Structures are given as structure tokens and as C-alpha cells.
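>>> here's a sequence, model it:
(4 chains)
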2 protein chains.
Amino acid sequence: MNIGEAARLSGVSAKMIRHYEAIDLLPPAARRDNSYRDYGKHEIFELRFIRRARKLGFSTSEIGDLLALWRDKGRSSSEVRRIAQAHLQDLEIRIEEMASMAGTLRHLVDACHGDHRPDCPILDDIGRGDE
Amino acid sequence: MNIGEAARLSGVSAKMIRHYEAIDLLPPAARRDNSYRDYGKHEIFELRFIRRARKLGFSTSEIGDLLALWRDKGRSSSEVRRIAQAHLQDLEIRIEEMASMAGTLRHLVDACHGDHRPDCPILDDIGRGDE
DNA sequence: CCTTGACCTTCCAATGATGGGAAGGTCTAG
DNA sequence: CTAGACCTTCCCATCATTGGAAGGTCAAGG
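Now for the predicted structure:
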């Protein structure tokens, strides 16, 4: 099948399918005589794998490792678990950072009366700038 | 003072100070005879404002708006509040998305025994790929 | 006076994931 | 035969930040 149908079936845009091939996340696709890329069921499964992994926030480099393990029937699940856990920790750190920002902001927004007057705790806080 | 000292005092790297000037977040700095940028107390305050706003996750474009309001003594605090609240909502959405990823991942990591065997609920889940 | 090292200047490139678009080739239905 | 819906490759933009190259300037010390 053509790249367009592969995109439709996998949920990965044609643009990104080409991109994943360009960065060696996927092996070069087979080509038809007209140089169109040709995909089969197997490739659709790999594309869906990538899409699902992206939705879980894995980077393309991590997905490369996960794909290799997925293909490797002799893998150790500990390898997979290590990658997932590292990513999970990363996520948790980023969530914590953003939650801290959001907490401060919520506080400031609540403190601001938000009317026509210029006094504003939000600007006061940012302008004070002490960390 | 030179850009290096301004960087030290504000916590914004010299590189980024030049960048903020280039994208018109800051007005062109005064120049000495040797074409070195020259900063005073006022600029340090603006740089600290930017640094603090970045730490709260505001984009440079939002910071541009906030800076304009900060400079405008006749501002309405409602304007500031609107910007902050929009950003807060954005943060909350992103946090929610990441928390959802993290929740799924935690579940999967817990379910994976993580030993030498190849069976792995993590790969199973990603490979199933149903949303 | 000259050198050294620490500054400063501008300009260009890369990051990571994704999308937009141009210029051109191919296929299919009418 | 033509229209339009595909496909190809290549370049560019996003966003904030960093790195580096090539070159000018300044202060201290020999």
C-alpha cells in the first residue's frame, strides 16, 4: 500500500513516516517501480507501535531502543522496564516542575482582583524577581 | 556595565540577553564607543523580570505583553490576570496530559517483572497500539 | 611597547518533533 | 487527454537555548 493509506491505517502522518525513515527509526521502505514507498501489515504494526509510544511521551531515540527490543525475541524484559522507568522518572520531574509553576500562578491569579486598576500582585511578584 | 556583569546580576546569560534584544523583547541596548552594550539598574530589573517570568513558564511572546503592561503605569490588572490565567490553563492541560502518560506508565512498569525473560507487559501494551 | 587572557561583537548552526509548502513525477477516472 | 489526487525530494519554520567561529577591545604585567 501507498504511504497515504499507511498513514490512515497507522495514525501516523505521511510526513512523519518519511521522517522516521530519515532518522533511521524505521528501515528504508520498499519501493515500487514508480519509486513510491510500499507498505504491508508489518510496517503498519511498527508505525502503530511508534504512535502509541509517542503518546506515552517517549522520545524518538527511546522509541528506537524500544523497537529494537520489540523485534528482539531474546530480549530481557528488564531492559524494557529500565527504559520505561527512566522515562517515567523524567515525566514525574517535569510534572513536578510544572505543578510548582501552576501552584504559584494559581496563587497569584487568585490574589489579583483583575479590574481596571493597575495594582497587580502578579506583576509585583514577577517584578520582585527574587527567585 | 558590560553584558557579562548584567548577565551575572540578572541571572540571564549574555547569549540570551542579546537574543531578547534581537527579538524585540527588549529595546536595543545603549552602546559605548567600542560598541559594547551598556546596561544600568533599570535593565537589570527588566532582565530579572524576564527570568522570573520564564521560570513561571511564560513564553517570550507572553513575556513581551507582560513587560509592556509592567511598563504601563495606566494598565488594567485585568489584562495581566487574563494572560496569567490563560497560561495557567495551558499549564494545567499539559500537566494533565503528562500525568495521564505517567499513570499508564507506572501501571505498566509495575506489571513488568523486569528480569531476563522476554515477556513484557510494556511492549505488549505499546505493541497492541489501541489508542 | 607588546603579549596574554578575558572580555566583547556578529553570524551561523544545532537541538526535537512536527507541519507547510514548492517543484515536479505518476496514476486513475471520466 | 485532462483533472485531480496521489507520490517524490528538498527547504523552511517553529521555540528557547546553547555552541562555536572569526574578529575587535581592554587591562594587567613583563
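>>> which residues in chain A form strands?
A:30-31, A:37-38 (DSSP state E).
>>> let's have the ones you listed in CSV, adding distance to chain B.
The way it works is simple: take the backbone N, C-alpha and C, and place the C-beta from them, glycine included. Below are the strands of chain A laid out as CSV (distance: least, Cβ to the nearest Cβ, whole Å):
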stretch, distance to chain B
strand A:30-31, 22
strand A:37-38, 20
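>>> so of these, which one's packed in deepest?
strand A:37-38 (a mean of 17; mean count of other Cβ atoms under 10 Å in any protein chain shown).
>>> right, and the strands of chain A - which one's nearest B:His107?
strand A:37-38 (35.7 Å; Cβ to Cβ).
>>> and that closest one, anywhere near DNA strand C?
No - Strand A:37-38 stays clear of DNA strand C (Cβ under 7 Å from any atom of the strand), getting no nearer than 11.6 Å.
>>> export the strands of chain A to CSV and tack on mean pLDDT?
Below are those laid out as CSV (pLDDT from 0 to 100):
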stretch, mean pLDDT
strand A:30-31, 95
strand A:37-38, 96
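>>> do me a favour and get the end-to-end distance for stretch A:1-17?
In stretch A:1-17, first residue to last residue: 13 Å (Cα to Cα, to the nearest Å).
>>> show me the contact partners of it.
Stretch A:1-17 is contacted by residues A:18, A:20, A:26, A:29, A:36-40, A:43-44, A:47-48, A:50-51 when judged by Cβ atoms under 8 Å, 6 or more residues apart in numbering or on different chains.
>>> not counting sequence-adjacent ones, nearest residue to the residue of chain A positioned farthest from its centre?
Largest separation from the mean C-alpha position in chain A: A:Arg117, at 42.3 Å (Cα atoms, centre = their mean). The shortest distance from A:Arg117 to any non-neighbouring residue, by Cβ to Cβ, 6 or more residues apart in numbering or on different chains, is to B:Ser77 (5.8 Å).
>>> same question, A:Arg81
B:Gly114 (3.7 Å).
>>> so which of the contacts of stretch A:1-17 are also by DNA strand D?
Counting by Cβ under 7 Å from any atom of the strand, the members of the contacts of stretch A:1-17 that reach DNA strand D are A:Arg18, A:Ala29, A:Tyr36, A:Arg37.
>>> please pick the buried ones from those.
Buried members of these, scored by 16 or more other Cβ atoms under 10 Å in any protein chain shown, are A:Ala29, A:Arg37.
>>> from the ones next to DNA strand D among the contacts of stretch A:1-17, which land in helices?
Counted as lying in helices by DSSP state H, out of those, are A:Arg18.
>>> from the ones next to DNA strand D among the contacts of stretch A:1-17, which two are the most distant?
Going by Cβ to Cβ, the pair spanning those furthest: A:Arg18 and A:Tyr36, at 11.9 Å.
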